[in-house]
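In: model the structure of this input:
(one chain, ligands or ions: 1)
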Amino acid sequence: MHTQETDQAIAQAFVAARRSGEGLATYPGPAPTTLADAYRIQDAAISIDGRAVAGWKVGRINAPLDAELGANRLAGPIFVDAVADDGATMPVFPAGFVAGEAEWLLHVAPGFAGPVPADDAATKAVIDEVRIGIEIASSPYPGINADGPCVTVSDYGNNAGLVLGAPVAGWADLDLCAISIATTIDGAVVGEATAATMLDGPYGAVRFLLANLISRGIDVSGGLWVSSGAVTGVHQAVVGQSVIASFGDLGSVSCTLAPAQPR
Ligand SMILES: C=C/C=C(\O)C(=O)O
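Out: As a prediction, this is how the structure comes out:
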């Protein structure tokens, strides 16, 4: 059973492991089995952590768990100090889980005051920038994804950073779901797809996120990045490897994975 004490203890253990750069061989407490419990742990960890949040990752919850849990996406914070530019070296947890994901990055403009937009046109109206990017998925706990979405949510949705690629000129007139994207790790193509496979697409991810954050009482008025979900897959990788996400004529964005250092 989850109590405030167990939530705090789990959150504390994840924050401490992330600060140390070390792994967590086992889940640090009773694993959450509902999204409500999982987001309470995430909220507690954000509060203990104390770093400013620059944006949020959105990930997919696949069938049949989407029906069981009552949501087909999940969210986790991306901290300001984990946002980097194209070509960056990105810290990850070598004893835990490590992956790179090609993603559309959408920025919700400062001043958003709700309500959550109802369709893509209304969603575009609250966005002031779109970029190509890479989400770094990494957690000190190796079972972070294998143990299911509630465990994923409980440790920041398995996020460890965001690589900001080039701004997309004329994004509002482009069909983001029509652009072929490829992910390459150490020179080998590990996935190719478009965002057409992703539920209601990148703008739908923004709507999900705004509704999720508002329901949790989180301020969404200051401007925030949305890393809208893995297009070509969640590609596991190891320290030292390079990840390149290619977005056709829009160009590519890359990073290299390095071990997290104590902070
Ligand atoms: C559990 C993580 C999943 C993602 O990051 C995703 O679907 O984008």
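In: next one, pLDDT for residue 1 please.
Out: Residue 1 is assigned a predicted lDDT (pLDDT) of 69.
In: ok, the residue of the chain found nearest the ligand - how many residues close by?
Out: The minimum distance from the chain to the ligand, using CB to the nearest ligand atom, falls at residue 59 (2.8 Å). All C-beta spots, glycine's among them, are computed from the backbone N, C-alpha and C. Residue 59: 25 surrounding residues under other CB atoms under 10 Å.
In: settle this for me: it is touching residue 198, isn't it.
Out: No - the pair residue 59 / residue 198 is not scored as a contact, 10.4 Å apart, by CB atoms under 8 Å.
In: start to end distance for stretch 85-102?
Out: Start-to-end span of stretch 85-102 (CA to CA, to the nearest Å) is 14 Å.
In: rounded mean pLDDT for that stretch, please.
Out: pLDDT averaged over stretch 85-102 gives 98.
In: contacting residues for residue 51?
Out: 79, 80, 81 (CB atoms under 8 Å, 6 or more residues apart in numbering).
In: Serialize the residues you listed to CSV and add fields for distance to residue 133, secondary structure and neighbour count.
Out: Below are the contacts of residue 51 laid out as CSV (distance: CB to CB, whole Å; DSSP: H, G, I helix; E, B strand; the rest coil; neighbours: other CB atoms under 10 Å):
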residue, distance to residue 133, secondary structure, neighbour count
79, 15, strand, 20
80, 15, helix, 10
81, 17, helix, 12
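In: how about TSV for those residues, with pLDDT and distance to residue 231 added?
Out: Below are those laid out as TSV (pLDDT from 0 to 100; distance: CB to CB, whole Å):
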residue	pLDDT	distance to residue 231
79	98	23
80	98	24
81	98	25
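In: number of residues surrounding residue 130?
Out: Residues near residue 130, counting by other CB under 10 Å: 24.
In: oh sorry, the question was meant for residue 262
Out: So residue 262, with other CB under 10 Å, has 7 neighbours.
In: pick out whichever of the contacts of residue 51 sits closest to residue 35.
Out: residue 79 (21.5 Å; CB to CB).
In: and the stretch 151-263 of the chain, which residues reach the ligand?
Out: Residues of the stretch 151-263 of the chain lying near the ligand by CB under 6 Å from any ligand atom: 152, 158, 229, 230, 234.
In: if anything else comes up later, I'll come back, but that's it for now.
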